[in-house]
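Participant: the sequence and its predicted three-dimensional model are supplied below.
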Amino acid sequence: MSWQRYRKSIPHASFYPVISNIAVSSISGMNATVTWTTDVASTSQVRYGLTPDRNALTVYDGTLVTSHSVHLTGLTVLSPYYFSVLSFSRDSRSESVLNTFSTLAASPLDVDNLSLWLKSDAQVYQDAALTILAAANNDPVKGWKDQSGNGFHMTQGAGQWTYKTSLLNGLSGINNPSTGNYLTNASLPLVTTFTVLAVVNQTGSAGNNHGGILMDTIGEGVELDGINARLGLEGSSNSFTSGFTFPLNTTSIISAVFAGTGATVYRNNINQSLGSANPGDFSSVGCNIGRNAGFGASAYFLGNLFEILLYSRALTTDELTTLYNYLHTKWNV
């Protein structure tokens, strides 16, 4: 990137802001921050777009400052962007010359309200204290570190999952081979609206056919029904299930969105919802991975888990597609 400074050539130019030190930082798949300075206190705005005509404008910030910062959101991943910065000082206006930057590949952090991010290719531990990394095939899994920054690390609830190297697309996974094994966090909430995405390969389920993926400690959340082959949301008053036959022994990207009064479930970014039943309230604190506590002590998910994302709101279809593309590219599902 190269940044240039620009002053409009007009009478009394000394009253016009001189723009300099243009920079772009915190670039991700969908966000970036543009900063610059002016020699006099002035306002902040950025003109930007995918083409040199830059057909989008950020919200005008009328605060008079000399150090400017504007955050761009909703950008297209892996794309070049053109932009210029604008500053007004009283009745005088300056705009920089054209500059460019490029966005990166998408990340779950690009979508707001990320509560939990677990990925089996990073920071899986052999101990609940999260001090001994799992590295060898069949190492025990007793801790899974949250990558969201919220500290909702999952630790051994009972039994033992195992670490598997090069399990999918050359990346590691974790496996639950039998009943009685689950991971837990006593503080992680399922709030009144949420979205869960997960990369899973289910080999079966045990206990009333309801294998928990991410569920609260009373058995509400996202489940896979290994015998009836359905993906569902188990709530306080109803079960909301998919209308497709969920294939066992096949890796899938599943999504479940609860909007407070209704739910939608997806497999590989295709809406698979069946009916319109409201699963009811989700408001418990404490979650399990691999266990559905609402169906007794033996309702467990059997198979492989690779990545789990939890957002504390109902995501839009565009956001779901962005996250699906991230998971699809990474895991080659």
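Facilitator: Yep, it's here.
Participant: show me the helices in the protein, by range?
Facilitator: Applying DSSP state H to the chain gives helices spanning 317-331.
Participant: got the domain boundaries for it?
Facilitator: As assigned by automatic domain parsing, the chain contains the domains 13-102, 108-331.
Participant: tell me which of the ones you listed sits most buried.
Facilitator: Of all the domains of the chain, domain 108-331 has the most neighbours on average by mean count of other CB atoms under 10 Å, namely a mean of 19. C-beta: built from backbone N, CA, C; applies to glycine.
Participant: comparing the domains of the chain, which gets the lowest mean pLDDT score?
Facilitator: Among the domains of the chain, domain 108-331 carries the lowest mean pLDDT, at a mean of 83.
Participant: in this structure Thr322 contacts Val111, no?
Facilitator: Yes: assessed by CB atoms under 8 Å, Thr322 is found in contact with Val111 at 6.8 Å.
Participant: anything in contact with each of those two?
Facilitator: Shared contacts of Thr322 and Val111, defined by CB atoms under 8 Å, 6 or more residues apart in numbering, comprise Met30.
Participant: what about Ser148, distance to Phe306?
Facilitator: Using CB to CB, to the nearest Å, Ser148 is found at 16 Å from Phe306.
Participant: same question for Thr73.
Facilitator: For Thr73 relative to Phe306 (CB to CB), the value is 28 Å.
Participant: tell me where the stretch 1-150 of the chain has strands.
Facilitator: Shown for the stretch 1-150 of the chain, the strands assigned by DSSP state E, counting those that start in this stretch span residues 19-25, 32-49, 56-57, 61-72, 80-89, 92-95, 99-102, 114-119, 124-125, 140-141, 143-144.
Participant: let me have those strands in CSV, extended by distance to Val222.
Facilitator: Output for the strands of the stretch 1-150 of the chain, formatted as CSV (distance: least, CB to CB, whole Å):
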stretch, distance to Val222
strand 19-25, 36
strand 32-49, 33
strand 56-57, 36
strand 61-72, 32
strand 80-89, 36
strand 92-95, 49
strand 99-102, 35
strand 114-119, 12
strand 124-125, 21
strand 140-141, 20
strand 143-144, 17
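Participant: what residues are up against the residue positioned nearest the centre of the chain?
Facilitator: Nearest residue to the geometric centre of the chain (CA atoms, centre = their mean): Pro108, 3.0 Å. Contacts for Pro108 (CB under 8 Å, 6+ apart) come out as 114, 117, 147-148, 309, 323, 326.
Participant: looking at those residues, which is nearest Asn99?
Facilitator: Ranked by distance to Asn99 (CB to CB), the contacts of Pro108 are led by Tyr326 at 27.2 Å.
Participant: what sits against that closest one?
Facilitator: By CB under 8 Å, 6+ apart, the contact set of Tyr326 is 29, 105-108.
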